[in-house]
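J.: Got a predicted model here, sequence first, then my questions.
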Amino acid sequence: QVQMVESGGGSVQAGGSLRLSCTTSTYYCLAWFRQAPGKEREGVAVIDRTGSTRYADSVRGRFSISRDDSATTLYLEMNSLKPEDTAIYYCAGYAGICGLSLSRTAFRFWGQGTQVTVSS
């Protein structure tokens, strides 16, 4: 098992941008999740090894997930950030086919998380 490590979090004003990175293994399915205080962890975006992607409705058109398997790195480009995007962001992986699921139960491997704070 390769440790997954997120980076790139920070504080930004509404309308700003951040790029998250996650060093990982070349799992077939990789995803970003987030968890705001007092809320359930929710799926944000998922990508498989073919490059197919799926996004949560709340971020579609603003966030972009990508992967560089040669560098074993997963990315999340976040634009037009809103205060409601404030959360701890986690990368997650699964060695098998996940069907582009955004359910946390579909993923076995997790990073420790990185904080994203968006101020109004």
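T.: Received, thanks.
J.: As a check, name the ranges of all strands in this protein.
T.: 5-7, 10-13, 18-23, 29-35, 42-48, 53-55, 63-68, 73-78, 87-94, 109-110, 114-119 (DSSP state E).
J.: Contacts for the fourth one, please.
T.: Pointing back at strand 29-35 there. 20, 22, 24, 41-49, 65, 67, 74, 76, 85, 87-98, 100-102, 104, 106-107, 113, 116 (C-beta atoms under 8 Å, 6 or more residues apart in numbering). All C-beta atoms are positioned from the backbone trio N, CA, C, and that covers glycine.
J.: Buried ones in that strand, by neighbour count?
T.: Residues of strand 29-35 classed as buried: 29, 30, 31, 32, 33, 34 (neighbour count, 16 or more other C-beta atoms under 10 Å).
J.: now the angle from it to strand 87-94?
T.: 160 degrees (axes from the mean of the first three to the mean of the last three C-alpha atoms, to 10 degrees).
J.: partners of strand 29-35, with directions?
T.: strand 42-48 (antiparallel), strand 87-94 (antiparallel) (DSSP bridges).
J.: Nearest approach to residue 80 belongs to which of those strands?
T.: For residue 80, the closest of those is strand 42-48, at 14.3 Å, according to C-beta to C-beta.
J.: Now do that closest one against strand 18-23, angle only.
T.: Using the same axes, to 10 degrees: strand 42-48 against strand 18-23 is 60 degrees.
J.: what does the average pLDDT come to for strand 42-48?
T.: Strand 42-48 shows a mean pLDDT of 97.
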